[in-house]
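Participant: Please work out how this folds:
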Amino acid sequence: MAMATFLHRMMGATALDATTYEEVEADAASGTQALAVVILSAVAAGIGSRGFDVALSAIPVMTAIALFTWAAWALLTYQVGATLLPEATTDVDVNQLLRTLGFAAAPGMFRILGVIPSLSTPTFVLTSLWMLAAMVIAIRQALDYKSTARAVLVSVIGFGLTLISVAVLGMLFSTALE
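Facilitator: As a prediction, this is how the structure comes out:
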């Protein structure tokens with residue numbers, strides 16, 4: 001039963017079904033499933049990065065970068081959405097948001113197709129946009145927003161702050177490795 005529920009939730013999240021996100025938000029026991037989605041998505045990104053001529057030995061690093069990026073985005077999104085831009089109806093704890101955002105990473109599993117060099121760029125661009133759409137729905141549902149526009153704003157702000165964080169860390173690490 002648990003595997004069937006997990007697969008059903010992954011398909012619902014990938015299909016951008018708001019009811020699936022509400023179900024995951026309400027189910028405190030779904031945290032492990034959400035973490036599994038994030039890990040599977042990150043591993044798929046790591047493997048898919050091979051299509052960009054990334055060395056086989058770099059797959060764990062690419063996987064770790066994908067995990068870090070998701071975690072940063074999720075935590076920044078929580079701060080922005082729950083603290084800076086809540087609606088009157090917003091009632092969320094960090095675990096609820098992490099569960100919904102975990103399932104929003106489900107489209108990222110398709111990044112494994114990036115291992116095919118001719119599909120690398122389109123796969124990563126399309127899955128990123130798909131995950132962004134899933135994040136918007138996850139944010140709207142978890143933060144109990146009535147406005148999808150507010151969920152888009154929170155997602156974009158969180159994503160922008162994440163990109164800045166990743167860029168700064170990338171510069172720090174590249175300098176340290178030289």
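Participant: Chain neighbours aside, what residue packs nearest to Ile59?
Facilitator: Spatial nearest neighbour of Ile59, excluding adjacent residues (C-beta to C-beta, 6 or more residues apart in numbering): Gly46 at 4.4 Å. Every residue, glycine included, has its C-beta placed from N, CA and C.
Participant: quick one: least confident helix or strand in this protein?
Facilitator: With mean pLDDT, DSSP states H and E as the measure, the helix or strand of the chain carrying the lowest mean pLDDT is helix 148-177 (a mean of 83).
Participant: Can you give me the buried ones in that one?
Facilitator: 150-155, 157-159, 161-162 (16 or more other C-beta atoms under 10 Å).
Participant: Leu40: which of these is nearest?
Facilitator: Of all the buried residues of helix 148-177, Leu40 sits closest to Thr162, with 20.0 Å by C-beta to C-beta.
Participant: which residues touch the closest one?
Facilitator: 69, 72-73, 76 (C-beta atoms under 8 Å, 6 or more residues apart in numbering).
Participant: Kindly report the same for Leu101.
Facilitator: 34, 70, 73-74, 77, 135, 138-139, 142.
Participant: now with 7 Å?
Facilitator: Leu101 is in contact with 74, 77, 135, 138, counting by C-beta atoms under 7 Å, 6 or more residues apart in numbering.
Participant: got it, and Ile47?
Facilitator: Taking C-beta under 7 Å, 6+ apart, we find Ile47 in contact with 59, 112, 115.
Participant: export the residues you listed to JSON lines and tack on distance to Leu169, pLDDT and neighbour count?
Facilitator: Below are those laid out as JSON lines (distance: C-beta to C-beta, whole Å; pLDDT from 0 to 100; neighbours: other C-beta atoms under 10 Å):
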{"residue": "Ile59", "distance to Leu169": "19", "pLDDT": "88", "neighbour count": "17"}
{"residue": "Ile112", "distance to Leu169": "25", "pLDDT": "96", "neighbour count": "20"}
{"residue": "Val115", "distance to Leu169": "25", "pLDDT": "94", "neighbour count": "17"}
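Participant: out of those residues, who's nearest Tyr21?
Facilitator: Distance ranking of those against Tyr21, using C-beta to C-beta, places Ile112 first at 23.4 Å.
Participant: and the nearest residue to the closest one once chain neighbours are set aside, how many neighbours does it have?
Facilitator: The spatial neighbour of Ile112 that comes closest, neighbours along the chain excluded (C-beta to C-beta, 6+ apart), is Ala44 at 4.0 Å. As a burial measure, Ala44 scores 24 neighbours (other C-beta atoms under 10 Å).
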